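[1] what's the 3D shape of this:
(one chain, ligands or ions: 1)
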Amino acid sequence: MEHTCIHLPASEMPRQWYNIQADLPRPLDPPIHPATGQPIGPEDLAPIFPMGLIEQEVSQQRWVDIPDEILTVLARWRPTPLVRARRLEAALDTPARIYYKNESFSPAGSHKPNTAVAQAYYNKREGVRRICTETGAGQWGSALAMACAIFGLDCRVYMVRVSYEQKPYRRVLMNCYGAEVLPSPTRLTQAGRSVLERDPECPGSLGIAISEAVEDAATHDDTKYSLGSVLNHVLMHQTVIGLEAKKQFEMVGDYPDVLIGCHGGGSNFAGFTFPFVADKIAGTHNPEVIAVEPAASPSLTRGPYAYDFGDTAGMTPLLKMFTLGHGFVPPPVHAGGLRYHGAAPLVSLLKAEGLIDAVAYPQTPVFESAVLFARTELWIPAPESAHAVHCAIEKARQAKAEGREMVIAFNLSGHGLLDLAGYDQHFAGKLEDLEMPEEELKRALAELPKPGGGQ
Ligand SMILES: *Cc1c(COP(=O)(O)O)cnc(C)c1O
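    Numbers count the residues shown, from 1 in each chain. Just a heads-up that it's a prediction; the model follows:
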């Protein structure tokens, strides 16, 4: 029998997270207070995040110990397998060797529990009783709901109203874990009420839901807010993916020439690739590292590198990142988890320094590749993950055309069993390929905030 799944022994699970801040070619530009134009300090974040996570956000320490309580939970589904995609390789008739890390092996079905569990733990340790968050498609909400169930925390999820109505199963999943799920905008917050006054039928947006969750945390002493991507500590929690993958590549005596992850806010891409980017920075290896985004929401490929708000409503500090403008609402492509106007500051810096690349694809070819993957490798990719699948397939075709060996590795960030409506529309030929028009890009960018300009 030829080996296909490369299983890491449980004893080899990473016990430390990798913090790439220690190895950057230059330090990150600090988050800025929009009104003063000055860098924000820990005290600005303390009302909404626990201190343990704020410390990690600014830490320059290369290796950060993972507490035992977190390891014990992660060990229920980790290490996840690294899989050699032999059936896909055969279907493509490619000389490339294709591997994928399968992060759909978690109870919530994606990589997101890797950070949800850590965030719930630090909140619990500091006496927080309740966590609020927002969710769009529902993946982050279900991961956090699960993590709160583990540590006995109350969880409230502001779910974008259209998703709440169109995607009932994700809501039910959150209810199963004991979370309270509200269609946003609600009448429970000032942010929600002011939106509803202007538009009682408002379908909601991620930006509005973030504003509601942040306000809820800021106005309740026992409550904190939790974010599923973008921030430094979130990306660091996800590095267990790449650290495991590196050991798995050692087990088979291979090393990737190309590393690929889909990119929404940047957390699964970073978690998978940063431990390899460390080798690139150290000069020991030189893999090509590619972030894949939807053509409908192309921050890394078409946005400028500038300070912008993390949310649509303009409540967060300003972050230096590739952005399409905080006012940009991406069209409703099926990869809901990739519909974010910005990008993680850490990923953005690496892109600006030329250490990583980015590509953008429209959704039809992405779904075609996802179906090929399902029929060969048998896992149904989440529409987000399907962007990475498509890039890997494109690379394997290139290897074939050039008649050369290539080791391709991508992160399968989650399964698509709750996203079958997107596949249904694909089979019915009803998917639209939405590219961001140049005029819309110009308009969104004209609204970029000027730090200290009093906006
Ligand atoms: C949320 C999500 C993403 C996008 O988020 P990142 O922070 O960019 O990783 C990608 N894949 C899946 C399956 C998701 O749930």
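
[2] near the ligand, which residues of the stretch 201-350 of the chain show up?
    229, 262, 263, 264, 265, 266, 267, 268, 269, 337, 338 (Cβ under 6 Å from any ligand atom). From N, CA and C alone the C-beta is placed, and that goes for glycine too.

[3] okay, now whichever residue of the stretch 1-150 of the chain sits closest to the ligand: neighbour count?
    The stretch 1-150 of the chain approaches the ligand most closely through residue 139 (3.3 Å), counting by Cβ to the nearest ligand atom. Residue 139: 27 surrounding residues under other Cβ atoms under 10 Å.

[4] what sits against it?
    108, 109, 110, 112, 170, 228, 336, 337, 382, 414 (Cβ atoms under 8 Å, 6 or more residues apart in numbering).

[5] Dump those into a markdown table; add pLDDT as well.
    Listed next are the contacts of residue 139 as a markdown table, based on pLDDT from 0 to 100:
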| residue | pLDDT |
| --- | --- |
| 108 | 96 |
| 109 | 97 |
| 110 | 98 |
| 112 | 98 |
| 170 | 94 |
| 228 | 95 |
| 336 | 80 |
| 337 | 82 |
| 382 | 97 |
| 414 | 98 |
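
[6] Okay, buried residues for the worst-scoring helix or strand of the chain on mean pLDDT please.
    Across the helices and strands of the chain, mean confidence by mean pLDDT, DSSP states H and E is lowest for helix 438-446: a mean of 85. By neighbour count on 16 or more other Cβ atoms under 10 Å, the buried set for helix 438-446 is 441, 444, 445.

[7] Ok, stretch 96-107 next?
    Going by 16+ other Cβ under 10 Å, stretch 96-107 has these buried residues: 96, 97, 98, 99, 100, 101, 102, 103, 104, 105, 106.

[8] do stretch 168-178 as well
    Quick answer for stretch 168-178 (16+ other Cβ under 10 Å): 170, 171, 173, 174, 177.

[9] Contacts for it, please.
    108, 135, 137-139, 141-142, 145-146, 148-149, 155, 157, 159, 163-164, 181, 418.

[10] 10 Å instead?
    By Cβ atoms under 10 Å, 6 or more residues apart in numbering, the residues outside stretch 168-178 that reach it are 107-109, 135-150, 152-155, 157, 159, 163-165, 167, 179-183, 336, 417-421.

[11] And the pLDDT at the residue of the stretch 1-150 of the chain closest to the ligand?
    Each residue has a pLDDT score; the one for residue 139 is 95.

[12] Including distance to the ligand, could the buried residues of helix 438-446 go into TSV?
    What follows is the buried residues of helix 438-446, written out as TSV (distance: Cβ to the nearest ligand atom, whole Å):
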residue	distance to the ligand
441	21
444	20
445	22
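
[13] Centroid-nearest residue for this protein?
    residue 267 (3.8 Å; Cα atoms, centre = their mean).

[14] Double-check it against residue 115; I have them as touching.
    Yes. Between residue 267 and residue 115 there is a contact under Cβ atoms under 10 Å: 6.7 Å.

[15] what sits in contact with each of those two?
    Residues touching both residue 267 and residue 115 by Cβ under 10 Å, 6+ apart: 140, 227, 228, 229, 231, 234, 235, 236, 237, 238.
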